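**Q** Give the three-dimensional model of this entry:
(2 chains)
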Amino acid sequence: MAPAWLRGASFLRNRPMPVWRPGRTPGVRTQHIPRAFIMASFIAKRIFQSIFVMLAVSFVAFALFRYVGDPINNMVGQDTTLEQRAQLKEQLGLNDPFLTQYLRFVNHAMHGDFGTSYRQRRPVSELIESRLPATLELSFVSALIALAMGIPMGIYTALRRRGVLSQSFMAVSLVGVSLPTFLTGILMILVFGVLLRWLPTFGRGEVVHLGWWSSGLFTGSGRLSLIMPAFTLALFQMTLIMRLVRAEMLEVMQTDFIRFARARGLTERAINFRHALKNTLVPVITITGLQLGSIIAFSIITETVFQWPGMGLLFIQSIGVVDIPVMAAYLLLIAFFFVIINLVVDLLYFAVDPRLRVQGL
Amino acid sequence: MASHTLSRFMSSDAVYSFSRSPVAVMSAIVLLVIVLGALGAPIIAPHDPYDLASLDLLDAGTPPVWAADGSARFLLGTDDQGRDMLSAILYGSRISLVVGFASVMLSLLIGVSLGLISGYAGGRIDTLIMRVADIQLSFPAILIALLIDGIARGLLPRDAQDALSIYVLIFSIGISGWVQFARTVRGATMVERNKEYVQAARLIGMGPSTVLRRHILPNVMGPVLVIATIHLAVAIITEATLSFLGVGIPPTTPSLGTLIRIGNSYLFSGEWWITIFPGLALIALALSVNLLGDWLRDTLNPKLN
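**A** Now for the predicted structure:
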């Protein structure tokens, strides 16, 4: 799309999007590929890659499930006879060829069946279903906090580089990057839980059940319990987003189009927010999207510190007692989240950056 | 000869920029103190935390020396079993440093070799290695480390787990960190591969492995050093995190993370020092390594940032 100040010019409006091929003379229109086609092939490529990643991860999960520890030994008691074991093995299809077993595993997983937990004797899908809302709520709220605080802080530190507040933001962010997540959590518990006694230090508080989803957002104690874990989880991402926005803003402020905007006599406000900020958002969207995935993974640590009853806590407990089906299911689920997030980020990127639409990838 | 090398080193850019950077000097001093304390733990430490006979439960939960009922025998107080916290931290940072160094070495070894091969061979091998790297990179390193740790636990016999836990930890953190090395080295190798000295070396009949080792490797080591330093901080934090989560070093030979984990359950009874002092030691260690890494990056290659 033409820049806003040229948009009135009708001779630019109805022309097909030119495609520049690298290595040819710029300015010479070569070939017109419909935009929809570029987009479709891009999406198809990404979906194909995602499926490949999921297959690779499911292969690891299957190998884990099948070959780490003996599944039969983990399901039966000490006094089961050899015949019964052999019968169970046949029944579960563990004598089938490798590929058959793998395909069956994938098929079951796609239908939400991850087997039975070795330790808790309950279907893994049931366990995960009961823990999923806690983790997703925590991750979502902390991603919101990280964005809502990180972006303004980044803009501020970029615009007022020498200010005292900016310098202190930067110093704090350096500590924030070096501070391990679990220590942040412990320090917060010590200050706000033990010394000041303002906030609850473990659990989710009261939850409201909406169908199978349990939410702590609608009760006072639920919201209070969420504060510390969410901030702990958000801190690292917040410093990352702040530094990223700052670096991008500083870079954009040096460019010609900002100088041109100045020359046109635009107000500082319009330059900073309508022109500079808008152009920093592409990398910010990418990184933030990818960070959302790592928030879900890092919630393992936060959930352990605050005994938050989510999937991460379940995963850690299952590693401790070598509960393979739970580990395999968690791995698959996390991989699924990551793949979906990556896909969405790619599409967003495509939507935000017009250059990609022209070149394709 | 030696004095000549030394004087050349002392007048180099790196030493000059080091002496001009107060942050780098401070971090180097902090790091040196921690490393010396860890190395000299058997000599410096006032007590031996591994010697169960010297522990007295009556000393348990003594606050630090400046608190009202602190004791001069235990400068930083004691934990729930009467272990002297200062000694425990000295011995603990020893394990943290060993695991950190060893796992960085493992990452470096795997990453640099694969990066060299990938960049030099190109083609299918390159695609395969980089595809694996991409998949691993799309997951956070800590998740990979946790997973490898969990698998190792499943494979090892139960009674060997505690004894082998330190090696399992080194292995899992090492595997989780090779990608950054591989990607950087691959990029640098692809640039070096086409330079004249490499072509000359091939022309006189050197095999690929000799060319890689003798000629390309020394020229790609600069960025590797920077990544290794920054990665050391990451590895130390990862070790502490895994130990804190209870899947790392067992409490019998505590690392900093294990000490924090032990102390965490006594936070509510007001015995804050069991957690806070190992925590501060960990922060000082990670922060000083990070700052040194930053300085190294800016010095070796101002454009790398």
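
**Q** C-alpha from now on. contacts and neighbour counts both.
**A** Noted.

**Q** doesn't B:S172 make contact with B:L106?
**A** No. Proximity of B:L106 to B:S172 does not meet the contact threshold set by CA atoms under 8 Å, at 9.8 Å.

**Q** buried stuff in the one helix or strand A:F350 maps to?
**A** For A:F350, the element it lies in under DSSP states H and E is helix A:324-352. The neighbour-count check on helix A:324-352 (16 or more other CA atoms under 10 Å in any protein chain shown) flags A:324-336, A:338-339, A:341-347, A:349-350, A:352 as buried.

**Q** Check the spacing between B:F277 and B:S93 real quick.
**A** Note on B:F277: its distance to B:S93, by CA to CA, to the nearest Å, is 12 Å.

**Q** What of B:D56?
**A** Applying CA to CA, the value for B:D56 to B:S93 is 23 Å.

**Q** So what touches the helix or strand containing B:V191?
**A** Using DSSP H and E, B:V191 sits within helix B:178-193. The contact list for helix B:178-193 (CA atoms under 8 Å, 6 or more residues apart in numbering or on different chains) reads B:106-108, B:110-120, B:130, B:133, B:136-137, B:198-199, B:216, B:219-220, B:223-224, B:227.

**Q** buried sites along whatever helix or strand comes next after that helix?
**A** Remark: after helix B:178-193, the chain's next helix or strand is helix B:196-203, criterion DSSP H and E. For helix B:196-203, the neighbour count (16+ other CA under 10 Å) marks B:198, B:201 as buried.

**Q** Most proximal residue of the stretch 51-200 of chain B with respect to chain A?
**A** In the stretch 51-200 of chain B, the residue found nearest to chain A is B:G150; the distance is 5.2 Å by CA to the nearest CA.

**Q** which secondary structure element contains that residue?
**A** Using DSSP H and E, B:G150 maps to helix B:141-155.

**Q** Does the following helix or strand past that helix pack against any helices or strands, and if so which?
**A** For helix B:141-155, the succeeding helix or strand toward the C-terminus, using DSSP H and E, is helix B:161-176. Contacts defined by 3 or more CA pairs under 8 Å, 6 or more residues apart in numbering or on different chains; DSSP states H and E place helix B:161-176 against helix B:85-121, helix B:141-155, helix B:217-245.

**Q** repeat that for 6 Å
**A** helix B:85-121, helix B:141-155 (3 or more CA pairs under 6 Å, 6 or more residues apart in numbering or on different chains; DSSP states H and E).

**Q** Please state the offset of the last one from the chain centre?
**A** Yep, that's helix B:141-155 we're talking about. Relative to its chain's centre, helix B:141-155 lies at 18 Å (CA atoms, centre = their mean, to the nearest Å).

**Q** Equivalent analysis for stretch B:208-217, please.
**A** That offset, for stretch B:208-217, works out to 27 Å (CA atoms, centre = their mean).

**Q** What residues sit buried inside that stretch?
**A** Residues of stretch B:208-217 classed as buried by neighbour count (16+ other CA under 10 Å): B:211-212, B:215-217.

**Q** And for stretch A:282-300?
**A** A:282, A:284-300.

**Q** Could you list the residues in contact with it?
**A** A:139, A:312-313, A:338, A:345 (CA atoms under 6 Å, 6 or more residues apart in numbering or on different chains).

**Q** Select, from those, the two members most distant in space.
**A** A:L313 and A:V345 (27.4 Å; CA to CA).

**Q** Tell me, how many residues neighbour residue 144?
**A** Chain wasn't specified; assuming chain A. Using other CA atoms under 10 Å in any protein chain shown, A:L144 has 15 other residues around it.

**Q** my bad, chain B
**A** Counted with other CA under 10 Å, residues neighbouring B:I144 total 19.

**Q** I am finished for the moment; much appreciated.
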